[in-house]
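S.K.: Quick one: sequence and predicted model below, then my questions.
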Amino acid sequence: MHYVASGCIRTPDGELPGRLKVILDSLREVIEQHRPQLAAVEKVFVNVNPQSTLLLGQARGAAICAAVSADLPVAEYTALQVKQAVVGNGHADKEQVQAMVTRLLNLSGTPSPDAADALACAICHAHGGLGTMGALATKGYKVRGGRLV
């Protein structure tokens with residue numbers, strides 16, 4: 001596994017359909033440019049704010065449509081599964097996810113929280129959901145007592 005690219009799609013203020021189109025079109029461009037073999041996405045969780053959950057689900061739907069329209073298989077993982085696979089703790093915070101993504105992919109800088117989440121989802125899939133030991137074994141690291149050694 002090696003790092004190719006990452007980023008965040010920013011949508012302009014405005015009506016939801018236009019914002020979803022930006023997500024769809026942007027991901028289609030990324031798929032065309034990088035030609036991935038599959039897509040890994042995080043499953044929607046129920047947020048405290050139901051409106052946020054609904055909007056997130058719609059954005060996720062646009063992302064899945066971009067992948068499916070390019071004939072890519074889509075793998076789905078819960079946030080708990082992703083954090084467990086990358087950090088070794090399903091309740092890890094954003095900073096822990098960023099740190100492990102940076103280390104596992106040998107990045108020169110720390111990705112934004114959103115980019116780190118997406119990269120973590122890809123790492124989770126690449127390691128077949130084996131958890132931290134599967135991911136770290138490929139880098140020569142070990143986890144003891146929940147800590148990287």
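M.R.: Noted; the coordinates are in hand.

S.K.: quick one: which helix or strand includes the residue nearest in space to the middle of the chain?
M.R.: Centroid-nearest residue in the chain, with CA atoms, centre = their mean: residue 118, separated by 1.9 Å. If you go by DSSP states H and E, residue 118 is part of helix 113-126.

S.K.: how about the CA coordinates for that helix, as PDB?
M.R.: The C-alpha coordinates for helix 113-126 follow below in PDB (Å, rounded to 0.1, in the frame of the first residue of the first chain):
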ATOM      1  CA  PRO A 113      -9.000  15.600   9.900                       C
ATOM      2  CA  ASP A 114     -11.400  14.900   7.000                       C
ATOM      3  CA  ALA A 115      -8.600  13.700   4.700                       C
ATOM      4  CA  ALA A 116      -7.200  11.500   7.500                       C
ATOM      5  CA  ASP A 117     -10.700  10.000   8.000                       C
ATOM      6  CA  ALA A 118     -10.900   9.100   4.300                       C
ATOM      7  CA  LEU A 119      -7.300   7.700   4.300                       C
ATOM      8  CA  ALA A 120      -8.100   5.700   7.400                       C
ATOM      9  CA  CYS A 121     -11.100   4.200   5.700                       C
ATOM     10  CA  ALA A 122      -8.800   3.200   2.800                       C
ATOM     11  CA  ILE A 123      -6.200   1.700   5.200                       C
ATOM     12  CA  CYS A 124      -8.900  -0.200   7.000                       C
ATOM     13  CA  HIS A 125     -10.000  -1.800   3.700                       C
ATOM     14  CA  ALA A 126      -6.500  -2.400   2.500                       C
END
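
S.K.: What is the burial count for residue 44?
M.R.: Counted with other CB atoms under 10 Å, the neighbours of residue 44 add up to 17. (C-beta placed from N, C-alpha, C; glycine too.)

S.K.: Return the residues in contact with it.
M.R.: 53, 56-57, 60 (CB atoms under 8 Å, 6 or more residues apart in numbering).
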